[in-house]
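Colleague: return a 3D structure for these sequence lines:
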Amino acid sequence: MDTLVSKLNSLVGLLTKKEVSIRILVDVVRNKVLFVQAGKDFVDVLLSFLTLPLGTIARLVRQESNINNLSIGSISLLYESVSILEKDRFISDLDKELLVHPINSMFQYCRYLKLNVDDTEKVRWFRCTNLDCGGKISRRRNCKCISKKRYKLCEGVLPPDKGFVPETATFIISDDLSVKPDDSQSTVSLPKYLGCEDVDTIKIVTINVTHKKILDLVKCSLLSTTPLTDVFLSNKLNLQNAKPISSMDLDVSKFTAKLVRKTIQVKAMVRKSNNKILYALGEEDFADLVLSFLTFPLGAVENMLNGNSDIDGIDNLYKSMLDLVPGRYLRSNDLVQKLDQSNFGRKIFTKSPSTYMVTDDLVVSPGSSTSAISFLTELQIPFSDLEEKVISIGNKQGLNLLKASLISSSALTDGLGPFIETKNTEKIISKLITPFMI
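Modeller: Residues are numbered from 1 along each chain as shown. Got it, this is the predicted structure:
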């Protein structure tokens, strides 16, 4: 019996094993990928990265592959903290489920990709007890009637689509994930892509890309400036050329995306000796803002940040998608429209009234006097080195925090630090802690 089961499992493995063939041009002297020539199957997978919600990415980068498990900015710890929050903190169990397993809004385009890296379950609908609401609302957290009686999710039936680019098109992808059609114009620009003078050093290799390699590519594209070389040649993540946070542009004041529509007030505990924000205390609107980051597709974040997330590979991939001509090299404009910033306004996840503590690296937990004191005690920071500051989070501050969450493990300090108010603040320590010092 065990032998039969083993044979069946092996057969299933063979049937489900999928690979995509690509051609790689390698500079053998520098051991560097000059560019990849690929067709629809591989380019569809690359573009699908833009559809992945940040919560899904946080889960994927922790999965086993050839590249070690890693953390992305502060998003990874945000995801882990949400996964252990009690369900009774949320409006419904479904709200927590859709933060831990956020829905891909382009599900019907990604479901039948040869190498779909998104392991989220099938798209599902809320069911509402109010029949006038229509019974089911696809991919929404609030019913039309704003009823809280959302009692389950059921599988949605959506027609599969045929990916993002045409069947007959071929593309060249540079090491930094810039994607261009492989046409007459790209031939003229070939020396630029090659980046080497001696053609004798170039080797053309055909390889079959597996699901594990795509998972490697997701990881490397978020941290490395040479993801293709890392995945297909060195088989390890190269961070030598990574930009330090201090050199990144975290001022998003020029961006117009509407992320925060009503000002949110928080109290931040700042260490005076280094101006680091240790944590911020806020109400449920603050928690909802931070939690909503997990639901944003990576491409929607790029949209909100005008293609300037400071994750070079993803910035290049997003801008390449915008440059592809709809109808010729992009099957339709649906991908661009789905990632439009207007689809991702404020959402409500947590019950009211509530107070939350969010640490510098975006760990979210219920907030209280005792939890704040416990946190400070663990850090062993003198009370004399602490100062309470007030931060008003509007749209500019919210976008700055979103960007910092992707690239920094000190998201509050880097994202909100520049906006700390200097007036009417406590000079020594928070009123929250003072009574406990007596």
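Colleague: alpha carbons only for contacts and neighbour counts from here, please
Modeller: OK.
Colleague: how far away is the residue lying closest to Asn316 once chain neighbours are set aside from Gln108?
Modeller: Nearest-residue entry for Asn316: Ser178, 5.1 Å, with adjacent residues in sequence omitted and distances by CA to CA, 6 or more residues apart in numbering. Per CA to CA, to the nearest Å, Ser178 is found 25 Å from Gln108.
Colleague: what is the burial count for the residue nearest to Asn316?
Modeller: 19 (other CA atoms under 10 Å).
Colleague: tell me the phi and psi of it?
Modeller: Note on Ser178: its backbone torsions stand at phi -80, psi 130 [degrees, to the nearest 10].
Colleague: quick check, pLDDT for it.
Modeller: With respect to pLDDT, Ser178 scores 97.
Colleague: and what of Thr413?
Modeller: Confidence score, pLDDT, at Thr413: 96.
Colleague: burial of it, as a residue count?
Modeller: 24.
Colleague: that one sits in which helix or strand?
Modeller: Using DSSP states H and E, Thr413 falls within helix 411-416.
Colleague: give me the residues contacting that helix.
Modeller: By CA atoms under 8 Å, 6 or more residues apart in numbering, the surrounding residues in contact with helix 411-416 are 73-74, 250, 275-277, 279, 359-362, 391, 397, 400-405, 408.
Colleague: ok, stretch 219-228 next?
Modeller: 33, 61, 67, 70, 72, 174-177, 217, 230-231, 237-239, 241-242, 311-314.
Colleague: what's the span of it from first residue to last?
Modeller: 11 Å.
Colleague: buried residues in it?
Modeller: Residues of stretch 219-228 classed as buried by neighbour count (16 or more other CA atoms under 10 Å): 219-228.
Colleague: list buried members of the contacts of helix 411-416 by neighbour count.
Modeller: With burial judged by 16+ other CA under 10 Å, the buried subset of the contacts of helix 411-416 is 73-74, 250, 276-277, 279, 359-362, 391, 397, 400-405, 408.
Colleague: now, those residues that are in helices?
Modeller: Residues of the buried ones among the contacts of helix 411-416 located in helices (DSSP state H): 397, 400-405.
Colleague: from those residues, which is closest to Leu324?
Modeller: Ranked by distance to Leu324 (CA to CA), those are led by Lys403 at 25.2 Å.
Colleague: sec struct for the closest residue to that closest one other than its chain neighbours, please.
Modeller: The shortest distance from Lys403 to any non-neighbouring residue, by CA to CA, 6+ apart, is to Ser309 (6.1 Å). State at Ser309, reduced to three classes by DSSP: H, G, I helix; E, B strand; the rest coil: coil.
Colleague: what number of residues lie near Ser309?
Modeller: Quick note: Ser309 (other CA under 10 Å) scores 24 neighbours.
Colleague: from now on call the first residue 33
Modeller: In the new numbering, first residue 33, that becomes Ser341.
Colleague: okay, strands next: where are they in this protein?
Modeller: 52-59, 64-70, 156-160, 168-170, 182-187, 203-206, 211-213, 234-241, 296-303, 308-315, 387-391, 396-398, 418-425 (DSSP state E).
Colleague: so which of those strands is nearest Leu362?
Modeller: strand 211-213 (10.2 Å).
Colleague: tell me how far the closest one is from the chain's mean position?
Modeller: Computed by CA atoms, centre = their mean, to the nearest Å, the separation of strand 211-213 from the middle of its chain amounts to 23 Å.
Colleague: from the contact counts, what lies against that strand?
Modeller: strand 203-206, helix 344-355 (3 or more CA pairs under 8 Å, 6 or more residues apart in numbering; DSSP states H and E).
Colleague: strands paired with the first one, and their directions?
Modeller: Strand 203-206 has these partner strands in its sheet, going by DSSP bridges: strand 64-70 (antiparallel), strand 211-213 (antiparallel).
Colleague: skip the chain neighbours and tell me the closest residue to the residue positioned nearest the centre of the chain.
Modeller: Centroid check for the chain by CA atoms, centre = their mean gives Leu86 as the closest residue, at 2.7 Å. In this structure, Leu86 finds its nearest non-sequential neighbour in Leu326, 4.7 Å apart by CA to CA, 6+ apart.
Colleague: could you chop this protein up by domain?
Modeller: According to automatic domain parsing, the chain comprises the domains 48-148+195-275+334-358, 156-189, 278-326+379-469.
Colleague: need these in JSON lines with distance to Ser364, can you?
Modeller: Formatted as JSON lines, the domains of the chain follow (distance: least, CA to CA, whole Å):
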{"stretch": "domain 48-148+195-275+334-358", "distance to Ser364": "5"}
{"stretch": "domain 156-189", "distance to Ser364": "21"}
{"stretch": "domain 278-326+379-469", "distance to Ser364": "23"}
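Colleague: can you say which of these is nearest to Gln369?
Modeller: Ranking these by proximity to Gln369 (CA to CA) places domain 48-148+195-275+334-358 first, at 10.2 Å.
Colleague: residue ranges with poor pLDDT in the stretch 83-232 of the chain?
Modeller: 153-193, 216-230 (pLDDT under 70).
Colleague: turn the helices and strands packed on strand 211-213 into a markdown table, including mean neighbour count.
Modeller: Listed next are the helices and strands packed on strand 211-213 as a markdown table, based on neighbours: other CA atoms under 10 Å:
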| stretch | mean neighbour count |
| --- | --- |
| strand 203-206 | 23 |
| helix 344-355 | 21 |
